[in-house]
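In: Show me the folded form of this:
(2 chains)
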There are 2 protein chains.
Amino acid sequence: MHPYELLSSEQVARVHEASLTIMAEVGLDFRHPEALAVLKKGGAKVDGHRVFFPGALVENQRVKPPQRFILHARNPENDVEFGCGQSLYAPANCPAFVTEADGMRRLGTLADYENFVKLTQASENLDLCSNMPVEPSEIAPELRVAETTYACLRYSDKCFMGSSMGEVGAEQTLQMVSIAFGDADDAFFEPRVISIPCSLTPLAYDERMLGAMIAYARAGQPMIVNSLASAGATAPATLAGMLALQNAEILAGIVLVQMIREGTPVVYGSGSSSADMRSGMLSVGAPEMAINNVMVAQMARFYEIPCRAVGTLTDAKGIDVQAGYESMMNLLAAQSAGVDFILHAVGSLETINSISYEKFVIDEEMVGMVRRIGRGVNIDDETLALEVIRQAGPCGQFLDKDHTFEHFERELFFPRLGNRDSYARWREKGAAPLQEAAGQRWRQILEEYQPPDFPKSTIDDLRRWMEALSGGGKNRNAPVPQTA
Amino acid sequence: MHPYELLSSEQVARVHEASLTIMAEVGLDFRHPEALAVLKKGGAKVDGHRVFFPGALVENQRVKPPQRFILHARNPENDVEFGCGQSLYAPANCPAFVTEADGMRRLGTLADYENFVKLTQASENLDLCSNMPVEPSEIAPELRVAETTYACLRYSDKCFMGSSMGEVGAEQTLQMVSIAFGDADDAFFEPRVISIPCSLTPLAYDERMLGAMIAYARAGQPMIVNSLASAGATAPATLAGMLALQNAEILAGIVLVQMIREGTPVVYGSGSSSADMRSGMLSVGAPEMAINNVMVAQMARFYEIPCRAVGTLTDAKGIDVQAGYESMMNLLAAQSAGVDFILHAVGSLETINSISYEKFVIDEEMVGMVRRIGRGVNIDDETLALEVIRQAGPCGQFLDKDHTFEHFERELFFPRLGNRDSYARWREKGAAPLQEAAGQRWRQILEEYQPPDFPKSTIDDLRRWMEALSGGGKNRNAPVPQTA
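Out: Model prediction:
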């Protein structure tokens, strides 16, 4: 097995050197006093908000995060390991809208959010709940972190992603995790929630993201240090330049996190692609997105830390052929490049702006397909099947052989949605679009959904904590409430 | 750059050994007296139709084909090189039907065939005409080779694929090529037409394919020695067993070709996938198809000859999300695995049974996308863009920079069909399905199409040759007519 690679090792090293030059000579803005203080103390040169990173400092810090780490789920059977050589998958992150089966869209709600958590929990191909499969638009912004964190903890016992929306949101998340996991103090630093703070490209971090990074790093919680550059708009139009720029941002974030708490697990993250030069807007269906998936995996291997890239993103507005080919392009590129964590693995439409229930389950099948590809081929005496080939002989057949029945379920992927009927049979059955079967499927999954075990006393503790928070909602910058 | 690989080198060697065992101990059927005579004379053990290949014989013969070779087009600017490290692309091959824009299908005609040749000629992403983008159903079978070969020569000056349907078809193709290229005798063995004879899986070659192989090999013309196994039906359900089986077939074909004329260029070919175990029918949208693409590339690299795998095949009946994701899965897997020649690169629907004009141009855009991915990233001082990054600085932007305008056209893919509008703009413009734009595009290409230069005297020679053939149509096994 060898991952798909587009860069030579010389090219990777050259990008690294270019990023060091950017960090040392151009610098990055950090709009948070504490971050500036930490960086200054750690040896960076600080001038106002601008921070310049000596090369030796970066080289010293970048080797400190672990090569691999376990993220613990509420149910230990659902723990996942980042950097273990297997890709992990989580749904779309950050859409504001839900695209309905008729192609029209509406704002997301908390009920949608809960449904997507349930669909994630029920999936054999998804490993983590994303932080924001859809924004719950009716929930007051200051209560969203608590409501969505509760939904993840209540409706799933898989790993989940925490909010990066400021220090307050991060502290709220950490407190709720602490209640839900019922921690003894000595387990406090065990990784139990992963967040995805994002740079402000080009070359800056805003106060909100830095606040979250500081809070999570202090608690020893892992982070995807992420860049979302748009080649031609927020980054050079040349992919080499975009890569050097985002790499400088990610390295700078990693240095900060390591200075706050050495050894904090980090994931090298990027959702970068190119701008459409007619509109200046990001395109996620562009082949540059797939190229970025591959380059990001290579940079992360160079730094010996896990990486995050993107799955089934598309610029298509509905579930059409474009949604299919763009989604598979990004997903398969990430999988074949050996990306450790594939975010937006299912559900996304319309350049990250929307999520679709139908696309969620269709993409989930695609994840099953690329997982089958990634599993590769088992080669031994039994699978080489020389005896069966001898038995069948020239012009023989294998449909009736025991060997076939013993192996086909493991060897051959079996789609739940993809249509393999003959043309005649397909017509006979009404030539229904795949979306119809997808609509039936997600409804059926939700009907059959059973919430995971969760002690009633812990649920009550979480609800009490949330009531205290919403009681204090008029003063959203107040210290977060104490746990019950 | 490193291709995507699913097998270790030990696994490749083990498959090779298993194939040698199959060839030596199980043997293959060759249903052609001359092929049997050649194989016997060359050292194989022949028993009736069954041929057993000693391992040393295979090892001696398999190293004889060239690692790379040039296929000459009627227009030398369109010559292509197999095995040069760049993927070559040709349209769908073998569909009987045309799927119309409304999703209904009908039998193909010679006019369709000519249209697909014209669309191939006009494409910047297609390198060869396929042999049979669609069967011209109204043409008498004994005249189809001549009519389709004429269409390829007349409406395109790119490379093209010749018929493998028997010795007569191959001889007709060779004669027409000879007329069209206006050969001096000394250029006769220059590769100018490539065919794709296919084994009869499992472990046999029929008379028709062997007749074509013998004719083309005598003329020194390259061949894709191809297997189309269906795991679980015509091959073991285990992919290891399927691979060992098809590899034995391909090696046996290569040995025969080398015995006929040593050094004849061959391409290691496979379009194998798995059977759907509910119906026993081949599925080309299965992930096993993509896995086969990757494995085939690895086996061919082991043998140091070029390879052929598949592009945008799908089991979908219409141009829907399934068509999109299955097509891209196979295409990107082939491209990222370093497949030299990607057949069925555009147009195919419904498990190879049908072709669609709309899908032809949509897939053609997908080929452009994967070609962009495969081109990778150019990294030098200019593309690393440090000066521009310095100029923009933290929180700056790149949309207005000269560097962006100088580079974006080469760096960033620009779709003709894929929709990148905002949701609001897309609705405003009528939310038209992509197929509508595709329908306009192929019609426009055909309207603007100009036939390549072709001396009128050569056209007349070809037409005279064809008239002689159709005059003799009632006696289709008669010796082929002499050139005018």
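In: When you work out contacts or count neighbours from here on, use the C-alpha atoms and nothing else.
Out: Will do.
In: Could you check which residue of the stretch 351-484 of chain A lies nearest chain B?
Out: Residue nearest to chain B within the stretch 351-484 of chain A: A:L384 (4.0 Å; CA to the nearest CA).
In: Three-state assignment for the nearest residue to that residue once chain neighbours are set aside, please.
Out: Excluding its sequence neighbours, the residue lying closest to A:L384 (CA to CA, 6 or more residues apart in numbering or on different chains) is B:G241, at 4.0 Å. Using DSSP: H, G, I helix; E, B strand; the rest coil, the structure places B:G241 in helix.
In: State the distance from B:G241 to B:I224.
Out: Separation of B:G241 from B:I224 (CA to CA, to the nearest Å): 22 Å.
In: Okay, and the beta partners of the nearest residue to A:C198 once chain neighbours are set aside?
Out: In this structure, A:C198 finds its nearest non-sequential neighbour in A:N226, 4.5 Å apart by CA to CA, 6+ apart. Note on A:N226: beta-bridge partners by DSSP bridges are A:C198, A:G269.
In: picking up where we left off before, I'd like to know how many residues surround the residue nearest to A:L384.
Out: Look at B:G241: counted by other CA atoms under 10 Å in any protein chain shown, it has 28 neighbours.
In: what's the answer for A:D206, then?
Out: 16.
In: Could you report the pLDDT at the closest residue to it other than its chain neighbours?
Out: If the residues on either side of it in the chain are set aside, A:D206 comes closest to A:R31, at 5.2 Å by CA to CA, 6+ apart. A:R31 is assigned a pLDDT of 97 by the prediction.
In: gap between A:R31 and chain B?
Out: Distance of A:R31 to chain B, computed by CA to the nearest CA, to the nearest Å: 11 Å.
In: now A:S163: how far from chain B?
Out: 24 Å.
In: Need the pLDDT of that residue.
Out: 96.
In: I figured it was touching A:N131, is that so?
Out: Yes. Using CA atoms under 8 Å, A:S163 is in contact with A:N131, at 6.3 Å.
In: list the residues that contact both of these two?
Out: A:S195 (CA atoms under 8 Å, 6 or more residues apart in numbering or on different chains).
In: What distance do you get for the residue positioned nearest the centre of chain A to chain B?
Out: The residue lying closest to the centre of chain A (CA atoms, centre = their mean) is A:L343, at 2.4 Å. Counting by CA to the nearest CA, the gap from A:L343 to chain B is 18 Å.
In: My guess is that residue contacts A:A90. True?
Out: Yes. Applying CA under 8 Å as the test, A:L343 and A:A90 come out as touching, 5.0 Å apart.
In: Tell me who's in contact with the residue nearest to the centre of chain A.
Out: Contacts of A:L343 (CA under 8 Å, 6+ apart): A:Y89, A:A90, A:P91, A:A92, A:N93, A:S130, A:R308, A:A309, A:V310, A:G311.
In: mind giving me TSV with those and columns for secondary structure and distance to chain B?
Out: Compiled in TSV, the contacts of A:L343 are given as follows (DSSP: H, G, I helix; E, B strand; the rest coil; distance: CA to the nearest CA, whole Å):
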residue	secondary structure	distance to chain B
A:Y89	strand	18
A:A90	coil	19
A:P91	coil	18
A:A92	coil	18
A:N93	coil	18
A:S130	coil	23
A:R308	strand	19
A:A309	strand	16
A:V310	strand	15
A:G311	coil	12
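In: Out of these, flag the one nearest to A:A323.
Out: Among these, A:G311 lies closest to A:A323 (CA to CA), at 12.0 Å.
In: what's the burial count for that closest one?
Out: If we define neighbours as other CA under 10 Å, then A:G311 has 36 of them.
In: Same check on A:S270?
Out: Residue neighbour count, defined by other CA under 10 Å, stands at 29 for A:S270.
In: just checking, it touches A:A300?
Out: No. The criterion here is CA under 8 Å, and A:S270 misses it with A:A300 at 10.4 Å.
In: which stretches of the stretch 1-150 of chain A form strands?
Out: A:28-30, A:45-47, A:50-52, A:69-71, A:80-82, A:88-89, A:97-99, A:105-107, A:128-129 (DSSP state E, counting those that start in this stretch).
In: Please tabulate the ones you listed in TSV, including the columns mean neighbour count and distance to A:E304.
Out: Listed next are the strands of the stretch 1-150 of chain A as TSV, based on neighbours: other CA atoms under 10 Å in any protein chain shown; distance: least, CA to CA, whole Å:
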stretch	mean neighbour count	distance to A:E304
strand A:28-30	26	24
strand A:45-47	16	26
strand A:50-52	21	24
strand A:69-71	20	12
strand A:80-82	20	12
strand A:88-89	25	17
strand A:97-99	25	37
strand A:105-107	15	40
strand A:128-129	28	22
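In: got those as TSV, with distance to B:L7 columns?
Out: Formatted as TSV, the strands of the stretch 1-150 of chain A follow (distance: least, CA to CA, whole Å):
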stretch	distance to B:L7
strand A:28-30	43
strand A:45-47	49
strand A:50-52	45
strand A:69-71	27
strand A:80-82	23
strand A:88-89	22
strand A:97-99	40
strand A:105-107	44
strand A:128-129	29
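In: Minimum distance to A:R441: which of those strands has it?
Out: Per CA to CA, nearest to A:R441 of the strands of the stretch 1-150 of chain A: strand A:97-99, 16.4 Å.
In: what mean pLDDT would you report for that closest one?
Out: Per-residue scores along strand A:97-99 average to 98.
In: Now do it: distance to the chain's middle.
Out: When distances are taken as CA atoms, centre = their mean, to the nearest Å, strand A:97-99 is centred 19 Å away from the chain's centroid.
In: With stretch A:307-318 instead?
Out: When C-alpha coordinates are averaged (CA atoms, centre = their mean), stretch A:307-318 and its chain have centres 11 Å apart.
In: ends of that stretch, how far apart?
Out: Where stretch A:307-318 begins and where it ends lie 29 Å apart, using CA to CA.
In: Stretch A:27-47 too?
Out: 10 Å.
In: and if you look at stretch A:177-191?
Out: In stretch A:177-191, first residue to last residue: 11 Å (CA to CA).
In: any idea of the mean pLDDT in it?
Out: Here the average pLDDT along stretch A:177-191 is 79.
In: Check the secondary structure at A:K317 for me.
Out: Here A:K317 is coil, with the state taken from three-state DSSP.
In: Thank you kindly, that will do.
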